[in-house]
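Trainee: fold the following.
(2 chains)
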Number of protein chains: 2
Amino acid sequence: MRYAVLGTGEVGRTLAGKLVALGHEVTLGSRTKDNAAALAWAQEAGPGGHNGTFADAAAFGEVVVNATGGMVSLQALEAAGAANLAGKLLVDVANPLAFADGEVVLDPVGSDSLGERIQRAFPQARVVKTLNTVNSAVMVDPSRVPGEHVLFLSGEDTAAKEQTAALLAEFGWPRERVVDLGGITSARGTEAYLLLWVKAMGALGHADFNVALQRAR
Amino acid sequence: MRYAVLGTGEVGRTLAGKLVALGHEVTLGSRTKDNAAALAWAQEAGPGGHNGTFADAAAFGEVVVNATGGMVSLQALEAAGAANLAGKLLVDVANPLAFADGEVVLDPVGSDSLGERIQRAFPQARVVKTLNTVNSAVMVDPSRVPGEHVLFLSGEDTAAKEQTAALLAEFGWPRERVVDLGGITSARGTEAYLLLWVKAMGALGHADFNVALQRAR
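Mentor: Predicted coordinates for the structure are as follows:
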């Protein structure tokens, strides 16, 4: 399968690297064609790894992964081009976070979400929010963390969510540990959870953790 | 110990009932002295259970539990009276939630929290946010849910947090499953988590669940 991964930060490079390791072809997209991180990544990744602009990547990918910083995701996706996203699964792993006065803040938060904003801005893309509740190492290697910890799916398109679950299974996430929360408004929940995640990371002293849903029935 | 439980909804009555069952004396506080739910509760609770106004309850309690609706908590605590809260542990279990267009919304959310607002409004109270991440049945009977699921503590006063952890231990929560998230700003995390909790409840079909923190190390 051909993937576009937008964003050359740690999350983007980790996801792109895992996809190449799984045998997929990946174009890592950035604002400029000569982005140093993307060039270096593509050279290391070997024949399955390419780099280019956001538009180059989105045109290349059958599936597009948004791993840009959440505060700039809409601009990045505009640069990728609505036509290059139309009809495609768009996996949104970004959180719209910033730091203010030493605290993490999200914008939007609560009554809207980045996932919804992306779906509204690109109505022909099939947006699925997932993976935004764990750090990049856990995203692509869930066995780093013991136990039946979970991921969540939010999106309007059931087939797109199942396609995402199949991708997550390639990463090592069993289907029964991927919880479908419903429509894209449920991205409000997983994005807002980041505010707890950050505090839990502080309490634990590291980011190698995730939540399990323990159920009475 | 003498407890004030403010709020006669399911959460308040459940917590008050558990405290009486544990041998404590409880005054269940409401806006009016003749609140029917509070009267009925006190009659059923037996000699350890009393009812009264918010001010009656707060004057009575050595510890005050805020189990009022989060949107009216500040008014309820004003009615309870700053002098009746001064120096006391104030356990805040409320979430500032409402429904809008079929979705749960929180106010404040993200860059502030109810826990912080209460601490700012009552600087002499020793506010600890906890229990707001599970339903009332799980609050007082964690064994309803299997596994090493957790609660969180947020507050400025370490001794107040340890006193709260001891109370939670009476409810059945082992100390190692009570995670201190830090200062009262961390209440932003557990309150915002409610947006995920509500969606997880929808996906699971019931509220008898909680999260475990699975850790790589």
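Trainee: in terms of secondary structure, what does the longest helix seen in chain A contact?
Mentor: Counting by DSSP state H, the longest helix found in chain A is helix A:158-171. Using 3 or more CB pairs under 8 Å, 6 or more residues apart in numbering or on different chains; DSSP states H and E, the elements in contact with helix A:158-171 are strand A:89-92, strand A:126-129, strand A:151-155, strand A:178-182. C-betas here are computed from N, CA, C, even on glycine.
Trainee: out of those, nearest to residue A:138?
Mentor: Nearest of the helices and strands packed on helix A:158-171 to residue A:138, taken as CB to CB: strand A:151-155 at 9.4 Å.
Trainee: quick one, what contacts the residue nearest to the spatial centre of chain A?
Mentor: By CA atoms, centre = their mean, the mean C-alpha position of chain A lies nearest to residue A:93, the distance being 2.0 Å. Going by CB atoms under 8 Å, 6 or more residues apart in numbering or on different chains, residue A:93 touches A:11, A:15, A:65, A:66, A:67, A:129, A:130, A:131, A:132, A:139.
Trainee: repeat that with 6 Å
Mentor: Contacts for residue A:93 (CB atoms under 6 Å, 6 or more residues apart in numbering or on different chains) come out as A:67, A:131, A:132.
Trainee: show me what from chain A comes close to chain B.
Mentor: A:103, A:105-106, A:109-111, A:144-147, A:149, A:179, A:181, A:185-186, A:188-190, A:192-193, A:195-196, A:199, A:203, A:208-216 (CB under 6 Å from any CB of the partner chain).
Trainee: of those, just the buried ones, ChimeraX syntax please.
Mentor: Selecting only the buried entries of the residues of chain A next to chain B in ChimeraX, with 16 or more other CB atoms under 10 Å in any protein chain shown as the criterion:
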select /A:103,105,106,109,110,111,144,145,147,149,179,181,185,186,188,189,190,192,193,195,196,199,208,209,210,211,212,213,214,215,216
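Trainee: for chain A, what helix or strand is lowest in average pLDDT?
Mentor: In chain A, no helix or strand scores lower on mean pLDDT, DSSP states H and E than strand A:97-100, which sits at a mean of 90.
Trainee: helix or strand right after that strand?
Mentor: Using DSSP states H and E, the helix or strand that follows strand A:97-100 in sequence is strand A:103-106.
Trainee: paired strands for that next one, with orientation please.
Mentor: strand A:97-100 (antiparallel) (DSSP bridges).
Trainee: now do the strand it pairs with: distance to the chain's middle.
Mentor: 19 Å (CA atoms, centre = their mean, to the nearest Å).
Trainee: which parts of that strand are buried?
Mentor: Buried positions in strand A:97-100, judged by neighbour count with 16+ other CB under 10 Å: residue A:97.
Trainee: outside of that strand, which residues touch it?
Mentor: Contacts for strand A:97-100 (CB under 6 Å, 6+ apart): A:70, A:71, A:104, A:105, A:106.
Trainee: quick one: which of the residues you listed is nearest residue B:157?
Mentor: Distances from residue B:157 to the contacts of strand A:97-100, taken by CB to CB, are shortest for residue A:104, at 23.2 Å.
Trainee: inside strands: which ones of the contacts of residue A:93?
Mentor: Among these, no member falls in strands (DSSP state E).
Trainee: top of those by number of neighbours, please.
Mentor: Neighbour counts for the contacts of residue A:93, by other CB atoms under 10 Å in any protein chain shown, peak at residue A:67, which reaches 30 neighbours.
Trainee: which residues touch it?
Mentor: Residue A:67 neighbours (CB under 6 Å, 6+ apart): A:5, A:7, A:11, A:12, A:15, A:93.
Trainee: so what's the last one closest to, chain neighbours aside?
Mentor: Ranked by CB to CB, 6 or more residues apart in numbering or on different chains and with sequence neighbours excluded, the top spatial neighbour of residue A:93 is residue A:131, at 4.2 Å.
Trainee: isn't that neighbour right up against residue A:139?
Mentor: Yes: using CB atoms under 6 Å, residue A:131 is in contact with residue A:139, at 5.0 Å.
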